[in-house]
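**Q** make a model of this:
(chains A and B)
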Amino acid sequence: MSATRELMFDHGQPSYSEVNNDVINALTTTTWRYWVTLGISAGTALLFFVAPWIYQIIVGVGAAGMNRNAMWGTYLSNFIFWIGLSHSGTLLSAVLHITQSDWRKSIYRSAEAMTLFSLMTAAMFVMVHVGRVWFVHWTFPFPNPMELWPNFRSPLMFDVMAILTYLTASSVFIYMGSLPDFAAVRDRSTGLRRRIYAVMCFGWRGTAHEWHTLGWAYTFFAVLVIPLAVSVHSIVSWDFAMSTVPGLHHTIFAPYFVCGAIYSGTAGIVTVMWMLRKFMGFGRYIGQLHIDNLSKLLLVLSLIWTYINICENFSGWYSGTSFEYEAILYRIWEGPFWWLYWEMILFCAVVPLVLFSRRIRTNWNLMLVISILINIGMLTERFVIVASSLPRKFLPDVFGTYFPSLVEISITVGSFAIFTTLFLLFVKIFPAVSIYEVKETLNPLRRREAHT
Amino acid sequence: MTLLASFAHEDAALDAARALRENGVDGVDLYSPIPLHGADEALGLGKSMVRVFTLLGGILGAIGGFTLCVWTATRFILPTAGRPVITLPPYLLITYESTILLGTLMTLLGFFVVARLPAWRDRTYRASSNVDRFVISVAGPGASDAEEILRAAGAESIEREESE
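**A** Model prediction:
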């Protein structure tokens, strides 16, 4: 136990009050660099996401490269990508909470924030994709004078329910985990900030009764969120797998998507942790142990992901039916995006093999590069799945091609700015490292040594 | 009158809480910066009632989700490809999601009810107990007897708060 405690902190353990100081100072002291970054990312979001979206609303979805046959395009592949990116935060945090892994405690808050914001970005893509966004509420079951109800047999309706539940559950999860820390911020600040945080923490005092209740509730949240997270990306995969399109109609899609989601999410966590260390000064709390563990997880996931890819292609080849075989061939060799397929294999299956080396696993800068490469690979994976299947359904006379238009490319770029903007706002509202849980990992304040 | 004793060590605070309980002092509360293992037992807290809320939420969500599907599908019967109107596999998925949704929301409600939050009024509280101190408060008639026990347990400082 104490051995892990020592490993958790590269530069020695901080004291209890130092934890409060470090985390809350990172929250309250804002340099001009922060405002410039926030301005640039919000401006990029406006220019690259909002503006083309408005253009698309005015002229219609024809502004996107989608056409008959290829009715799903970049928007949908981005939607899967962002939903996938959201999968590691809450899921990992909940699993590690249940298994009582202490190393989770300094990284989980930001990881969960990543979940929340990538989910929001994904939800934006649904709205962009549907075209007539002002009717988006039609996806919800609500009483209406026409007595029309959504078709609950459709995977798209599963999706609505799953994402709604996931968004709710992960907001609750991150917020309830932060309650005691909001109270800590309240105690340290004055004026308006103090009043806002006093409301946000609901009058938390840290009595034994409150901790007891929070402990129970939090464990329930964790238990509920694990099967939920697994179901969400399975359901997203069924949007595809339940259609009878060659190249999409695979039973392996649910585990494939869940594995890919956790994979890209974990890579996302590594990227975010690098940023937190670099720009927020959390190097004291996020260290070698964390990056080593995350990288090991990445390695395992990359191997599973590779295996599933081999399975998918093998079953396509072994099926013997010509359309399935042709779909595979079109994806990996004959189609216009064959090079994207091999880029994905390179970034997601080959490059992560270097993680067998511990020297590379614990090198933060190298890991940043690898994690970004993995996510580029995962983004193209989703694109390849969508763009190489729908345009090539069964009859050759309806074969088409799909290529993203400028509007679609721009919105894709803009979505990253939206995510960054939301995350930048987060680090100034939430304590980005959990104060009380980091304290739990320190040596306890005891008069006598523990007997155990 | 409320007595507030501050401790620098968690085991000292837990010992004090235990001693107070053994001496039959009522109105004891323990404030700590981290959840303390052993506080439940020292203050006599059992299983939390939150679990009842979670269970109820789960059951409600399951019934509600399934009912929603069945009810909406039978408002206007639209047979598709000879399949049954009430199709179990897809409806169970909706049921699954709504079970978790209602379970989560009811757990949230349960937390607020059981922890008696939100409480935005001024209450007995020392900000140091959210940094690195463990504070025990004794409210009501027991406070006069408690001071000695708290000192014996190693309290750093003891304050009195007259209001309340």
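
**Q** need the residues of the stretch 51-200 of chain A near chain B, please.
**A** Taking CB under 8 Å from any CB of the partner chain as the test, the list of the stretch 51-200 of chain A residues beside chain B reads A:141, A:147, A:149-150, A:152-154, A:157-158, A:161-162, A:164-165, A:168-169, A:172, A:176, A:180, A:183-184, A:187-188, A:198-199. No exception for glycine: its C-beta is placed from N, CA and C like everyone else's.

**Q** go with 7 Å
**A** For the stretch 51-200 of chain A, the residues found near chain B under the criterion CB under 7 Å from any CB of the partner chain are A:141, A:147, A:149, A:152-153, A:158, A:161-162, A:165, A:168-169, A:172, A:176, A:183-184, A:187, A:198-199.

**Q** quick one: residue A:177 and residue A:218 touch, right?
**A** Yes - the pair formed by residue A:177 and residue A:218 meets the contact definition of CB atoms under 7 Å, at 6.5 Å.

**Q** find the residues that touch each one of these two.
**A** Shared between the contact lists of residue A:177 and residue A:218 (criterion: CB atoms under 7 Å, 6 or more residues apart in numbering or on different chains) there are no residues.

**Q** for the residues of the stretch 51-200 of chain A next to chain B, which PyMOL command selects only the ones that are buried?
**A** Typed into PyMOL, the line below selects the buried ones among those, using 16 or more other CB atoms under 10 Å in any protein chain shown:
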select buried, chain A and resi 141+149+152+153+158+161+162+165+168+169+172+176+183+184+187+198
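
**Q** for the spatially most central residue of chain A, give me its contacts.
**A** Among the residues of chain A, the one closest to the centroid is residue A:86, at 2.0 Å (CA atoms, centre = their mean). By CB under 7 Å, 6+ apart, the contact set of residue A:86 is A:115, A:118-119, A:122, A:265.

**Q** buried ones in stretch A:301-319?
**A** Buried positions in stretch A:301-319, judged by neighbour count with 16+ other CB under 10 Å: A:301-302, A:304-306, A:308-309, A:312, A:316.

**Q** same check on stretch A:28-46?
**A** Quick answer for stretch A:28-46 (16+ other CB under 10 Å): A:38, A:41-42, A:44-45.

**Q** please apply the same query to stretch A:185-200.
**A** Within stretch A:185-200, the residues scored as buried using 16+ other CB under 10 Å are A:185-189, A:197-198, A:200.

**Q** break chain B into its domains for me.
**A** Residue ranges for the domains of chain B, per automatic domain parsing: B:2-47+B:121-161, B:50-114.

**Q** right, so of these, which gets closest to residue A:98?
**A** Distances from residue A:98 to each of the domains of chain B were compared using CB to CB; the minimum, 15.0 Å, belongs to domain B:50-114.

**Q** off-centre distance for that closest one?
**A** Relative to the chain's own centre, domain B:50-114 is displaced by 26 Å; criterion: CA atoms, centre = their mean, to the nearest Å.

**Q** I'd like the average pLDDT over that domain.
**A** Averaging pLDDT along domain B:50-114 gives 93.

**Q** before we move on, what about stretch B:12-20?
**A** Computed over stretch B:12-20, the average pLDDT equals 88.

**Q** same question, stretch A:231-246
**A** Mean per-residue pLDDT for stretch A:231-246: 90.

**Q** got the CA positions of it in CSV?
**A** C-alpha atoms of stretch A:231-246 as CSV (Å, rounded to 0.1, in the frame of the first residue of the first chain):
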residue,chain,number,x,y,z
SER,A,231,-24.4,-0.3,-23.8
VAL,A,232,-24.0,3.2,-25.4
HIS,A,233,-21.4,2.3,-27.9
SER,A,234,-22.9,-1.1,-28.6
ILE,A,235,-26.1,0.7,-29.5
VAL,A,236,-24.2,3.2,-31.7
SER,A,237,-22.7,0.2,-33.5
TRP,A,238,-26.1,-1.2,-34.1
ASP,A,239,-27.1,1.9,-36.0
PHE,A,240,-24.8,0.4,-38.5
ALA,A,241,-24.8,-3.3,-37.8
MET,A,242,-28.6,-3.6,-37.9
SER,A,243,-28.7,-2.3,-41.4
THR,A,244,-28.1,-5.0,-44.0
VAL,A,245,-25.4,-3.1,-45.8
PRO,A,246,-22.3,-5.2,-46.7
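
**Q** quick one: it to chain centroid distance?
**A** The gap between where stretch A:231-246 is centred and where its chain is centred comes out at 19 Å by CA atoms, centre = their mean.

**Q** can you give me the helices in the stretch 251-400 of chain A?
**A** Counting by DSSP state H, counting those that start in this stretch, the stretch 251-400 of chain A has helices at residues A:253-280, A:288-319, A:322-329, A:338-345, A:358-361, A:364-387.

**Q** would you reformat those helices as JSON lines and include distance to residue B:159?
**A** Converted to JSON lines, the helices of the stretch 251-400 of chain A look like this (distance: least, CB to CB, whole Å):
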{"stretch": "helix A:253-280", "distance to residue B:159": "37"}
{"stretch": "helix A:288-319", "distance to residue B:159": "40"}
{"stretch": "helix A:322-329", "distance to residue B:159": "75"}
{"stretch": "helix A:338-345", "distance to residue B:159": "64"}
{"stretch": "helix A:358-361", "distance to residue B:159": "51"}
{"stretch": "helix A:364-387", "distance to residue B:159": "47"}
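
**Q** tell me the most buried of those?
**A** Greatest average neighbour count among these goes to helix A:253-280 (a mean of 23), per mean count of other CB atoms under 10 Å in any protein chain shown.

**Q** briefly note if that helix comes near chain B.
**A** No - where contact is defined by CB under 7 Å from any CB, no part of helix A:253-280 touches chain B; the two come within 11.7 Å at best.

**Q** tell me what that helix is packed against?
**A** Helices and strands in packing contact with helix A:253-280 are listed as helix A:74-85, helix A:87-98, helix A:108-130, helix A:208-241, helix A:288-319, helix A:364-387; criterion 3 or more CB pairs under 7 Å, 6 or more residues apart in numbering or on different chains; DSSP states H and E.

**Q** please state the offset of that helix from the chain centre?
**A** When C-alpha coordinates are averaged (CA atoms, centre = their mean), helix A:253-280 and its chain have centres 6 Å apart.

**Q** on that earlier part again, adding distance to residue A:214 and mean neighbour count, write the domains of chain B out as TSV.
**A** Conversion of those to TSV gives the following (distance: least, CB to CB, whole Å; neighbours: other CB atoms under 10 Å in any protein chain shown):
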stretch	distance to residue A:214	mean neighbour count
domain B:2-47+B:121-161	7	19
domain B:50-114	7	18
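
**Q** mind listing what's buried in stretch A:386-401?
**A** A:386-393.

**Q** now do the contacts for the closest residue in space to residue B:38 that isn't next to it in sequence.
**A** If you skip the residues right next to it in sequence, residue B:38 has residue B:14 as its closest partner in space, 5.2 Å away by CB to CB, 6 or more residues apart in numbering or on different chains. The contact partners of residue B:14, taken as CB under 7 Å, 6+ apart, are B:36, B:38-39, B:42.

**Q** tell me which of those residues is nearest to chain A?
**A** For those, the closest approach to chain A (CB to the nearest CB) belongs to residue B:39, at 4.1 Å.
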